[in-house]
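Enquirer: coords please:
(2 chains)
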2 protein chains.
Amino acid sequence: MQTARRNLVDAELVQQFRQIVGEAHVLLDTTSLDAYGHDETEELHYRPELVLKPRSAEEIAAVMRICNERRIPVTPRGAGTGLSGGALPQLGGVLISMERMNTILRIDEANLQVMTEPGVITEVLQDAVRQKGLFYPPDPSSRGSCFIGGNIAENSGGPKAVKYGVVRDYVLNLELVLPTGEIIWTGANVLKNSTGYNLTQLVVGSEGTLGIVTKIVLKLIPLPKFDLLLLAPFSSLEKAGEAVGAIFRAGHVPSGLELVEIDALRISSRFTDSVLPLSGDIEAHLLVEVDGSHMEALLAEIEAIAALLTEHGAGDVFFADDAQQKAELWKLRRRVAEAVKTEGYTIEEDTVVPRAALPALIRGVRQLGNQYGFHAVCYGHAGDGNLHIRIRKEGVSNSQDDPEVIAALRALFMLVRDLGGTISGEHGIGLIQKGYLDIVFSEVQLNLMRSIKKAFDPNNILNAGKIFDQA
Amino acid sequence: MQTARRNLVDAELVQQFRQIVGEAHVLLDTTSLDAYGHDETEELHYRPELVLKPRSAEEIAAVMRICNERRIPVTPRGAGTGLSGGALPQLGGVLISMERMNTILRIDEANLQVMTEPGVITEVLQDAVRQKGLFYPPDPSSRGSCFIGGNIAENSGGPKAVKYGVVRDYVLNLELVLPTGEIIWTGANVLKNSTGYNLTQLVVGSEGTLGIVTKIVLKLIPLPKFDLLLLAPFSSLEKAGEAVGAIFRAGHVPSGLELVEIDALRISSRFTDSVLPLSGDIEAHLLVEVDGSHMEALLAEIEAIAALLTEHGAGDVFFADDAQQKAELWKLRRRVAEAVKTEGYTIEEDTVVPRAALPALIRGVRQLGNQYGFHAVCYGHAGDGNLHIRIRKEGVSNSQDDPEVIAALRALFMLVRDLGGTISGEHGIGLIQKGYLDIVFSEVQLNLMRSIKKAFDPNNILNAGKIFDQA
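Expert: Numbers count the residues shown, from 1 in each chain, chains lettered A, B, ... in the order given. The predicted structure is shown next:
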């Protein structure tokens, strides 16, 4: 357990916070501080000085005004499912948990919009709008536990992004508490907006460094009536990668197009007690979903895709027969990260490249593994070119702990950059990738970002030291 | 012809500019300066001191360094089709025309991307990618003459936005010359990106105030194979508005859903010599398009939509039989703005509200017309809630010239705000709407935008005085 900059919060301040958020919602005991001191990022732990659980934007604004005046670090936190350390209070100080702000405020069926608080679990939100025949597509693997507010902080994606886009494509407007304590809306509840700078899109993906989101207005779309799913084995990763490109070139837009390397699938298969047969000379599988509201069109599409995959070297294509089989296949895919972590793959990278560069990226990962002495499993959103790489190296559980891992990651990210890609597709930079940001951004770009941060947070108190350090 | 701040550019400077961009590409004659002194915004004219036509980012960077050092105002200009005065050189100084940077650099069929220079005409770009079976959907009415770079400056939309989104949904990465003369890329050529602040989305829609875009990487999608189009007349605007909502509630996502008031359609019909019969007791028409790659699914969808419209009070629904009829209907819609301008409707507003608020907005426009003595015609992208309002008042051709028009517009924009909307959906704020920005943004929001502007442009030389004034 690491802590830093303790004793910023004195007894008088604790009393002030109690008056603002209520006594029961100020946590000071070691057990709580430990619990809020880690997320899902590697094996990192940092203890805050105290935890606040506010119920409103006004309470947060009051807290921010005090912390801004006293220069106390503030770390906002959703459900703690992050993979880049964005919610870790590495500077100590105050941690603000959004867990009590968990109300879906309004499902607007006339306009296909939902207004929600940030502490709602993503899947709860999806289910609530589905009951009205509406669809909110972005669904990270952690959708059963992550908060929608955290998804906005990281600009999350998930398997549906290939057809439906990522979180930022659904965010219309945000209520935001600024680090200086003012409360603003970033835009308007409209589908098109050319009115001033796009503060909404600037805040999405800014990892809680520009303000604390307290209300969210999301665009919804009509729920597709049907979906179909297939799993195709490939004896070579390259061939699987080429098949991905062929699907789009033939004019198809699948609602899911996932790639899983055989090692990862085997581990996940054991982890989830799957009965799926995994035999033969296989290097990777593609999981392909199509969705829509006209069954005949869908059947024609999935058959055309299956034929295309076979043409590009797929083995026997497996079609999910019913909802249960679909659920099992998706469970296998969704739980890969969790499964491989239990086998020591603690370090996760979130590279993204132009889709056609995936085979080159996978070859590069293997070569770097040999060179730097780590083992990696690859899986992810092949349709988007977003490849997750889980790394295992004996005795190393954090990416900052080992000079060889650091050197290997620098080499990996340089390859990614040279392929036209970048270092995070959906997990964010947070604490653990910021040392690599110089690979993709020059000082000119970083200084623009620092100036933007300073415009929002002149005293650098909100989630400071995430993404980049102020000069 | 209005000019301002003349004599900033002396003979020595002209010589320097000639060395940078070439003698033939520095214009100083009155005819040229007049030609570059207006766009499509009302009847506004401002003459620059000189016009430069650079061919590369490096040339622009060299010009910017000089102008930044000497504090000379620079106005970037695309094709001059803007409707908010964003390309008007109201401070005099240097105007940079992007017309020579008009090469499509690469159509990447493997990744469904295109890299282009900003001076390419939008329709030329669309046609070039269509020949490869690819689709770039955003198509403002001016697509036959506007530049893709201008579309990015304004975050343009057009009729396809209801299904396919606006320009910002397609921009992956931008090469940008900063006002201080550095050249950067804003992001990476990837579909998902959570790497640092989203500079790309900050620049899209920033109306040429943060930098000059010199290369553009756009996402493309597979070209849908078929489309179908219908025109439905309504005896009441309210009923047309309600029918719009019903289409989405039934789960349809049309690729176009336009509303045109009968006065506007009559004028456009005369202007385009249309043979379309417009008779009976009609207040407005809806133009509804669906597209896709499975004809049977499309036929089922357009029939379901037609039935729904009839249920909601539509008169005889007209189905376009062939490509020629479709082209005629779209021409009628696309040329409305041009047509009504010839009849004195020079002032165009670009309001946007949540879709269901359209009937309330249209009622409000009529009431304000009676109150403030103007006549208005309404038309636009009903599916997005984006309503264009063209205003005619005897003897008034500019929205800044008449206190009653100003008062009426303030009242209109307050209504728009109260309906949950905002003052520009796709035209931008530019010069002519900035006086109304205080209706939708407080000083807190405006000061954030001013700080962002200052981070990019410390000396406030690039398109200064557009969107807002620096403090």
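
Enquirer: List the buried residues in the one helix or strand in chain A whose mean pLDDT sits lowest.
Expert: Every helix and strand in chain A was compared by mean pLDDT, DSSP states H and E; the lowest is helix A:237-249, with a mean of 90. Going by neighbour count (16 or more other Cβ atoms under 10 Å in any protein chain shown), the buried part of helix A:237-249 is A:237-245, A:247-249. For the C-beta atoms, the positions are set from N, CA and C on the backbone; glycine is no exception.

Enquirer: now swap in stretch A:106-116 and tell me
Expert: Counting neighbours by 16+ other Cβ under 10 Å, the buried set in stretch A:106-116 is A:107-109, A:111-116.

Enquirer: Same check on stretch A:292-304?
Expert: Buried-residue list, stretch A:292-304, by 16+ other Cβ under 10 Å: A:292-294, A:297-298, A:300-302.

Enquirer: Residue most distant from the centroid, chain A?
Expert: Using Cα atoms, centre = their mean, the residue of chain A lying farthest from its centre is A:E12. It sits 37.6 Å away.

Enquirer: returning to that earlier point: when you check the buried residues of stretch A:106-116 against the strands, which ones overlap?
Expert: Among the buried residues of stretch A:106-116, the residues falling in strands (DSSP state E) are A:107-108, A:113-116.

Enquirer: Could you identify the most distant pair in the residues you listed?
Expert: Greatest spatial distance in those: A:D108 and A:T116, 11.2 Å, computed using Cβ to Cβ.

Enquirer: which neighbours do the two share?
Expert: The contact sets of A:D108 and A:T116 do not overlap (Cβ atoms under 8 Å, 6 or more residues apart in numbering or on different chains).

Enquirer: Show me where the stretch 301-450 of chain A has its helices.
Expert: A:323-334, A:336-342, A:358-372, A:403-418, A:443-456 (DSSP state H, counting those that start in this stretch).

Enquirer: Ok, which of the ones you listed comes nearest A:E258?
Expert: Smallest distance to A:E258 across these (Cβ to Cβ): 5.4 Å, for helix A:323-334.

Enquirer: residues from the stretch 51-200 of chain A in reach of chain B?
Expert: Applying Cβ under 8 Å from any Cβ of the partner chain, we find that the stretch 51-200 of chain A lies next to chain B at A:108-113, A:133, A:154-157, A:161-162, A:165-166, A:168-169, A:178, A:182, A:184, A:186-199.

Enquirer: Tell me the buried residues within those residues.
Expert: A:108-109, A:111-113, A:154-157, A:161-162, A:165-166, A:168-169, A:178, A:182, A:184, A:186-199.

Enquirer: Reformat the helices of the stretch 301-450 of chain A as a markdown table; add mean neighbour count and mean pLDDT.
Expert: Shown next, in a markdown table, are these (neighbours: other Cβ atoms under 10 Å in any protein chain shown; pLDDT from 0 to 100):
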| stretch | mean neighbour count | mean pLDDT |
| --- | --- | --- |
| helix A:323-334 | 17 | 94 |
| helix A:336-342 | 20 | 93 |
| helix A:358-372 | 18 | 94 |
| helix A:403-418 | 18 | 97 |
| helix A:443-456 | 19 | 98 |
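
Enquirer: and of the ones you listed, who's closest to A:D316?
Expert: Of the helices of the stretch 301-450 of chain A, the one closest to A:D316 (Cβ to Cβ) turns out to be helix A:323-334, at 14.8 Å.

Enquirer: on contacts alone, who are the packing partners of that closest one?
Expert: strand A:226-234, strand A:256-261, helix A:262-271, strand A:284-292 (3 or more Cβ pairs under 8 Å, 6 or more residues apart in numbering or on different chains; DSSP states H and E).

Enquirer: Direction included, what does the last one pair up with?
Expert: Taking DSSP bridges as the criterion, strand A:284-292 pairs within the sheet with strand A:226-234 (antiparallel), strand A:256-261 (antiparallel).

Enquirer: So which of these is the most surrounded?
Expert: strand A:256-261 (a mean of 25; mean count of other Cβ atoms under 10 Å in any protein chain shown).

Enquirer: And the average pLDDT for it is what?
Expert: Averaging pLDDT along strand A:256-261 gives 96.

Enquirer: contacting residues around that strand?
Expert: A:159-160, A:162-163, A:229, A:237, A:240-241, A:244, A:247, A:268, A:283-289, A:332-333, A:336, A:358, A:362, A:377-383, A:387.

Enquirer: can you do 6 Å?
Expert: Applying Cβ atoms under 6 Å, 6 or more residues apart in numbering or on different chains, the contact partners of strand A:256-261 are A:159, A:162, A:284-289, A:333, A:377-379, A:382-383.

Enquirer: any idea how far A:V114 is from B:F248?
Expert: The gap separating A:V114 from B:F248 is 14 Å, by Cβ to Cβ, to the nearest Å.

Enquirer: ugh, wrong one, I meant A:I302
Expert: With Cβ to Cβ as the criterion, A:I302 and B:F248 are 27 Å apart.

Enquirer: Let me know the secondary structure of the nearest residue to A:N447 once chain neighbours are set aside.
Expert: Once flanking residues are discounted, A:N447 sits nearest to A:A471: 7.6 Å by Cβ to Cβ, 6 or more residues apart in numbering or on different chains. Following DSSP: H, G, I helix; E, B strand; the rest coil, the label given to A:A471 is coil.

Enquirer: burial measure for A:A471, as a count.
Expert: 9 (other Cβ atoms under 10 Å in any protein chain shown).

Enquirer: What segments of the stretch 51-200 of chain A are helices?
Expert: Remark: helices assigned in the stretch 51-200 of chain A by DSSP H, counting those that start in this stretch are A:57-70, A:122-130, A:148-154, A:161-164, A:199-203.
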